[in-house]
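Student: Attaching a predicted model along with its sequence, questions to come.
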Amino acid sequence: MSLVRILRKAPPWATTASAFILALVAATCVPPGLVQGALFQSPIIWELDEVSKFSHLKVSRTGNTRTLWFVRDNGEEVIESKIDLSRRADLLIEYTRFMFLSYVFNPQPKRSLIVGLGGGAMVHFLQAKEPELKVDVVEIDPSIVSVADRFFDVRSKGNVDIKLADGLTYLKNADAKYDVIYMDAFLRPSAGTDRVGVPSHLKTEQFYDQIVRSRLNPDGVVVFNLNPHLSVLEDIRTIKSVFPNTYVFKLTGYEGYVVVASTAQKTWDSIAISAEATRLDHRFKAPFKFRDMAGRLVRR
């Protein structure tokens, strides 16, 4: 579950009513292009304001669109997930689209794992586009699981199995093997996370080498959502040190990356990646272009 960009901050002295008004003003004053899908077309209605052990959550609604927010300890609010319930597979936040470049490198997965549920936008995409794919989801925060169910219509059903567990514990003990693992776990920043909230134990060379690789099938793929922070290039180097073929894609909406790492021996060049991405455009018929995303490949 990714934190897209800081959008609003209510001052600590504000009352509940004034904080709500300030939030509305700030939401309507965000300059165009700051973050994809961030502008609101009607007043925000707070449907949830909940603090869990792991996160402070808020949910807002604008028409058919639901937005899940994380509230930082300093009052800053950041978008975690955004879904139009009338068009659930559209992937309104840019990084979620880039995550599915996994299909360039492993086009016929049978089983996938998502570490970090959030509002479940990626689950909706896979349910719509890959109904035969077995999708496991691991989420540490029971409040997130509840919010996804109540407000985003995401729960265990059919080919989707949502498991309440720590990602590290699950991956260490699971018997399942996966064709694709999506790493998208974020919590409230603390001593146990990096500056953007990624649990520190989920971003070490040992974790990637001894645990993640052990859960991948031959030619398996692991995809990382990397939010911008001072050590992001170091994070990329750590991933590259473990996986023989790593492909880094630069997001356009903010200074983040999606990294696709493969255990396969085959190396893909930019031409082959673009060609396969074009095939994905025909296959999924999504309201965005995989070929455009492929063009964001960072040259080595």
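Tutor: Looks like it came in fine.

Student: State the next helix or strand along the chain beyond the helix ranked longest in the chain.
Tutor: Longest helix in the chain by number of residues, with DSSP state H as the criterion: helix 270-284. Heading C-terminal from helix 270-284, the first helix or strand you meet, by DSSP states H and E, is helix 290-294.

Student: Could you list every helix and strand that that next one packs against?
Tutor: helix 94-99, helix 102-105, helix 270-284 (3 or more CB pairs under 8 Å, 6 or more residues apart in numbering; DSSP states H and E). Glycine gets a C-beta too; all of them are placed from N, C-alpha and C.

Student: For Ala128, identify the helix or strand it belongs to.
Tutor: Using DSSP H and E, Ala128 sits in helix 121-129.

Student: list the buried ones in that helix?
Tutor: Under the neighbour-count criterion of 16 or more other CB atoms under 10 Å, helix 121-129 has Ala121, Met122, Val123, His124, Phe125, Leu126, Gln127, Lys129 buried.

Student: Now do the helix or strand following it: distance to the chain's middle.
Tutor: Going down the chain from helix 121-129, the next helix or strand is strand 134-139, by DSSP H and E. Strand 134-139 has its C-alpha centroid displaced from the chain centroid by 13 Å (CA atoms, centre = their mean, to the nearest Å).

Student: and strand 134-139 with helix 121-129, angle?
Tutor: Following axes from the mean of the first three to the mean of the last three CA atoms, to 10 degrees, one obtains 170 degrees for the angle between strand 134-139 and helix 121-129.

Student: which residues of the stretch 101-250 of the chain fall in strands?
Tutor: Under the criterion DSSP state E, counting those that start in this stretch, the stretch 101-250 of the chain contains strands at 111-115, 134-139, 160-164, 178-183, 216-226, 245-250.

Student: wait, which of the helices and strands packed on helix 290-294 is closest to His201?
Tutor: helix 94-99 (21.4 Å; CB to CB).

Student: returning to what we had before: can the buried residues of helix 121-129 go into JSON lines with extra columns for distance to Leu230?
Tutor: Converted to JSON lines, those look like this (distance: CB to CB, whole Å):
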{"residue": "Ala121", "distance to Leu230": "27"}
{"residue": "Met122", "distance to Leu230": "27"}
{"residue": "Val123", "distance to Leu230": "31"}
{"residue": "His124", "distance to Leu230": "33"}
{"residue": "Phe125", "distance to Leu230": "31"}
{"residue": "Leu126", "distance to Leu230": "33"}
{"residue": "Gln127", "distance to Leu230": "37"}
{"residue": "Lys129", "distance to Leu230": "36"}
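
Student: Closest one to Thr238 out of those residues, please.
Tutor: The closest of the buried residues of helix 121-129 to Thr238 turns out to be Met122 (CB to CB; 23.3 Å).

Student: what residues are up against that closest one?
Tutor: Shown in contact with Met122 (CB atoms under 8 Å, 6 or more residues apart in numbering): Leu91, Thr96, Met99, Phe100, Ile114, Tyr182, Asp184.

Student: With Thr204 instead?
Tutor: Thr238.

Student: Check Lys82 too.
Tutor: Gly37, Thr65, Arg66, Thr67, Leu68, Leu92, Ile93, Gly119, Ala121.

Student: do the same with Lys110
Tutor: Leu133, Lys134, Asp179.

Student: wait, the last one sits on Asn106?
Tutor: Yep, that's Asp179 we're talking about. Yes: the pair Asp179 / Asn106 is scored as a contact, 5.4 Å apart, by CB atoms under 8 Å.

Student: Give me the common contacts of the two.
Tutor: Contact criterion CB under 8 Å, 6+ apart; residues shared by Asp179 and Asn106: Asp219, Gly220, Val221.

Student: quick one: the first one and Ser262 touch, right?
Tutor: Which is Asp219. Yes: look at Asp219 against Ser262 with CB under 8 Å: they come within range, at 7.0 Å.

Student: The two: which is more packed in?
Tutor: Ser262 (24 against 13; other CB atoms under 10 Å).
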